[in-house]
Every structure is written in structure tokens, then in C-alpha cells.
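1. Sequence unavailable; structure follows:
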């Protein structure tokens, strides 16, 4: 294998950095909030379930089946903007449905601000670890095989090799940067949706569902659309950062407007004080 077909040391270091961020950032957030509420882990795990069920178990298998349909593939190729919107809308719809499973059911009696944060950590963290972390583990293993010359030179894996050997290291590093703000975005959406549901009104619940789907769809539509314009990858990441910060500002604005701030431990203390 020639030198041009190897993965550079800088690329591999960037992959390691992204893998580390993808796995450790949500875990660090989990530990931070664990100090605020020792029972917060339950909310984190339930929040993860709110991502895994609708996305990993339902939406992604559906998309994989569609990718095998020639008519759908042709439609997407000829209608990039519309298909990008449909993918974005489906992500917003399925993930908001997952959040409804969390806050409308499993955490129905625990709609506090910190429980919403914890569920958001679980939601964004599970996405980060499963979709990005696992991908970058595979990338590093495959890169090591490329550099060692143990990859067979067959046409079937030519594109996979090119995807790791040709891009600049900054492309792999950008994925880690993106993951930080994507997790923040997911935490913020969980807070926003939880606040609507915490008002125990059907109308507020419907409005919260619509607002959350719209925000999620807008973000998932704008970012890929910018990527299609082939602008610098860091321009795309800056746009994502701005969207995440604006969403986080809205979530922070809602914090004092929650009927309760803490979650499970707060309820336990209250029950203890009342003699239960």
C-alpha cells in the first residue's frame, strides 16, 4: 500500500480526540449532575431509552430499508432539498416522540428542571456514544489496518479507504466539536419539552410537541443544507454552535419557570419531612 493510501498520524489523533469527547463528555455531565441529585441516574437512563427506542430500534432500520429501494434513492438524488427536509423532519418527529415517552410516561411524576437535564444527557449521550463513538472505534481499527497493510486491495472497500485517507485531519476533529454542541442542543430540547408538559395541560403538551419538532427539524435541515453547499466544515460547525447556544438560552430562560427544579431526591426529602 502506498504512502498516499495511509491514514496520517494527525488524522488518527483527531479521531481519538473525537472518540474521547463523544464518550467522556456525556459521562462527565452525568457525574456533575449526580452531585446535584444522587438519584439522577434513573433519569439519565430513561432519557437514553427515549433516544434508543425511536431512533436506533425504529427510525434507522426504516431508513436502512428505504436506502435499498431504488425509487427512494432516485427521489433523494433528484430532490436533495426536499429529501433533506424529510430526513430532518423524521428525526425531529421520532426523537420528540421519544421525549414524549420519557416525560409523558416514564417521568410523568418527575418533571423537574434537573430531571429534564438528566434525561437530555441520556438522550444526547446515547446518540453520541452509539452513533459517533462506535463509528470512530471502527474508524480507528480500520485506519490501523490500512496503515499496517492488512487491508486487501479490492474495489469493494476502495471508497471506505478513501473516506479515511483523503480527508484532512480537521474533518475528523470537527466531528468532536460538533458532538459537544449537539449534546447541549439535545439537553436544551429536553428541558423545553419537559417544561411544556410540566404544565399538565393537553394544549401545552401539543404546543410543546410541535415546538420541539420544529426546532429539531430546523436544526437538522439547516446543518446538512449548509454542508451540501460545500462551504468550509468549520462554518457549518459555527452555525451549529449558534443554534445550540440559542436553544440553550431558551432552556435557561425556562429554568425558574419550572414548578419544581430538582427531581427524585427532592421528592424523597419532601416525603421524609412529611413523615412518609
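-> Cool, the structure landed. Just so it is clear, the model here is predicted, and its values are computed rather than measured. Numbers count the residues shown, from 1 in each chain.
2. What residues does residue 94 make contact with?
-> Contact analysis of residue 94 by C-beta atoms under 8 Å, 6 or more residues apart in numbering lists 54, 55, 58, 59. Yep, even glycine has a C-beta here, placed from its N, CA and C like the rest.
3. Tell me, how many residues neighbour the residue nearest to residue 111 when sequence neighbours are not counted?
-> Among residues not flanking residue 111 along the chain, residue 198 sits closest, at 4.0 Å (C-beta to C-beta, 6 or more residues apart in numbering). Neighbourhood size, residue 198 [other C-beta atoms under 10 Å]: 23.
4. Okay, residue 198 and residue 109: tell me how far apart.
-> Distance, residue 198 to residue 109, using C-beta to C-beta, to the nearest Å: 11 Å.
5. now do residue 44
-> 17 Å.
6. Which one of these two is surrounded by more residues?
-> residue 44 (25 against 8).
7. can you give me how far the helix or strand that contains that one is from the chain middle?
-> Take DSSP states H and E as the rule and residue 44 turns out to sit in helix 41-51. Using C-alpha atoms, centre = their mean, to the nearest Å, the mean C-alpha position of helix 41-51 is found 13 Å from that of the whole chain.
8. what does the following helix or strand past that helix contact?
-> Using DSSP H and E, the next helix or strand after helix 41-51 towards the C-terminus is helix 60-66. Helix 60-66 has contacts (C-beta under 8 Å, 6+ apart) with 72, 87, 90.
9. what residue ranges in the stretch 101-250 of the chain score low on pLDDT?
-> For the stretch 101-250 of the chain, applying pLDDT under 70 flags the ranges 153-156.
10. Can you list the buried residues in the helix holding residue 44?
-> Neighbour counts over helix 41-51 (16 or more other C-beta atoms under 10 Å) mark 42, 43, 44, 45, 46, 47, 48, 49, 50, 51 as buried.
11. what does that helix rub up against?
-> So helix 41-51 is in contact with 30, 33-34, 95, 98-99, 101-102, 106-107, 110, 114-115, 118-127, 190, 263-264, going by C-beta under 8 Å, 6+ apart.
12. Just want to check the distance between residue 201 and residue 86.
-> 31 Å.
13. the more surrounded of these two?
-> Neighbour comparison, residue 201 and residue 86: the larger count goes to residue 86, with 15 against 12 (by other C-beta under 10 Å).
14. starting at the chain centroid, how far to the helix or strand harbouring that one?
-> Assigned by DSSP H and E, residue 86 falls within helix 80-101. On the basis of C-alpha atoms, centre = their mean, the separation between the geometric centre of helix 80-101 and that of its chain is 13 Å.
15. what angle do it and helix 41-51 make?
-> Angle, helix 80-101 to helix 41-51, by axes from the mean of the first three to the mean of the last three C-alpha atoms, to 10 degrees: 140 degrees.
16. gap between residue 105 and residue 197?
-> Taking C-beta to C-beta as the measure, residue 105 falls 10 Å from residue 197.
17. same deal with residue 39?
-> In this view, residue 39 and residue 197 are 20 Å apart by C-beta to C-beta.
18. out of these two, which sits in the busier spot?
-> When residue 39 and residue 197 are compared for neighbours, residue 197 comes out ahead with 21 against 17, by other C-beta under 10 Å.
19. Number of residues surrounding the closest residue to the more buried one other than its chain neighbours?
-> In space, and not counting its chain neighbours, residue 197 is closest to residue 103: 4.8 Å by C-beta to C-beta, 6+ apart. By the criterion of other C-beta under 10 Å, residue 103 has 27 neighbours.
20. Do I have it right that residue 103 meets residue 118?
-> No: Residue 103 is beyond contact range of residue 118, at 11.6 Å (criterion: C-beta atoms under 8 Å).
21. and the gap between the closest residue to residue 29 other than its chain neighbours and residue 26?
-> Distances taken as C-beta to C-beta, 6+ apart place residue 121 nearest to residue 29, at 4.9 Å, with adjacent residues excluded. Noted for residue 121: a distance of 6 Å to residue 26, by C-beta to C-beta.
22. go on, residue 34?
-> On the measure of C-beta to C-beta, residue 34 and residue 26 end up 12 Å apart.
23. just residue 116 next, same as before
-> Relative to residue 26, and taking C-beta to C-beta, residue 116 is found at 15 Å.
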